[in-house]
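[1] turn this into a model:
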Amino acid sequence: MLLSLLLIAPVAGSATAADPLSGTSLRTDLGAQLVQVLGGLGVVLAMVLLLAWLTKRFSQSRLSGAHGLRLLGGISLGAKERIVLVQAGDVQLLVGVAPGRLQTLHVLEEPIQLQDSKEAADDEGFGQKLGKLLEQTRGKE
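    Numbering: from 1, shown residues only. Take a look at the predicted model:
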C-alpha cells in the first residue's frame, strides 16, 4: 500500500491528503489530471482531423486557377490511377495519371462542352427525375 502511494504521489503533483493511508484525495486529483490529459488529447485529435479535411478539400482545386490550365473532370480507375480531362487554353487533353507517371492518352479535336452551374441549376433534380420515372412505371401497370 505504501509502495503504491509512493508511485502515485509524483503523478498527483502537489496534492496533499488529510489521511495519507486512505488516498482518496490522491485519487480525485489523479482523476482530474486524467480528464485534463484526455481532454487535451481530444483537442489535438480534433485539430488533426480538421486539418486533414481542409487539406483534402482544398487540394482538389490545385489546377483550377493555374495560368490557363483547368481540371475539367476525372475518373478513378484504381487505388492510385486516374484519367483526367485537362483544358490548356483551347485544347482539351485526356491524361492518364499514375504514381510517378503522366501520359497523354488523347488530344480531343472537338472540346467537350460541360454544363455551367447556371444550366445545371435549371435542370430538374434527382427527386424530380425519380418522381417522373415512378409515375411512368405506375402508368404501365
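
[2] phi first, then psi, for the residue nearest to Ala88 when sequence neighbours are not counted.
    Leaving aside its sequence neighbours, Ala88 sits nearest to Leu69 (Cβ to Cβ, 6 or more residues apart in numbering; 5.5 Å). (Glycine included, C-beta is placed from N, CA and C.) The phi and psi values for Leu69, taken as degrees, to the nearest 10, are phi -100, psi 140.

[3] and if you look at Asp90?
    phi -100, psi 0.

[4] elements contacting the longest helix anywhere in the chain?
    In the chain, taking DSSP state H as the definition, the longest helix is helix 24-59. Judged by 3 or more Cβ pairs under 8 Å, 6 or more residues apart in numbering; DSSP states H and E, the packing partners of helix 24-59 are helix 2-12.

[5] where in this protein is pLDDT low?
    1-28, 60-66, 115-124, 140-141 (pLDDT under 70).

[6] can you list the domains in this protein?
    2-58, 63-108 (automatic domain parsing).

[7] just to revisit the earlier point, tally of neighbours for the residue nearest to Ala88?
    14 (other Cβ atoms under 10 Å).

[8] report the separation between it and Glu135.
    44 Å (Cβ to Cβ, to the nearest Å).

[9] element containing Leu71, please.
    Here Leu71, judged by DSSP states H and E, is contained in strand 69-76.

[10] so in terms of bridging, what pairs with the closest residue to Leu77 other than its chain neighbours?
    Using Cβ to Cβ, 6+ apart and skipping residues adjacent in sequence, the residue nearest Leu77 is Ile83, 6.3 Å away. For Ile83, the beta-bridge partners are Ile75, Gly96 (DSSP bridges).

[11] what is the burial count for Leu85?
    19.

[12] nope, Val107 is what I was after
    10.

[13] look up phi and psi at Ala88.
    phi -120, psi 100.

[14] isn't Leu93 up against Leu71?
    No. Counting by Cβ atoms under 8 Å, Leu93 stays clear of Leu71, with 10.9 Å between them.

[15] shared neighbours, those two?
    Leu85, Val86 (Cβ atoms under 8 Å, 6 or more residues apart in numbering).

[16] how close does Lys80 get to Ala98?
    6 Å.
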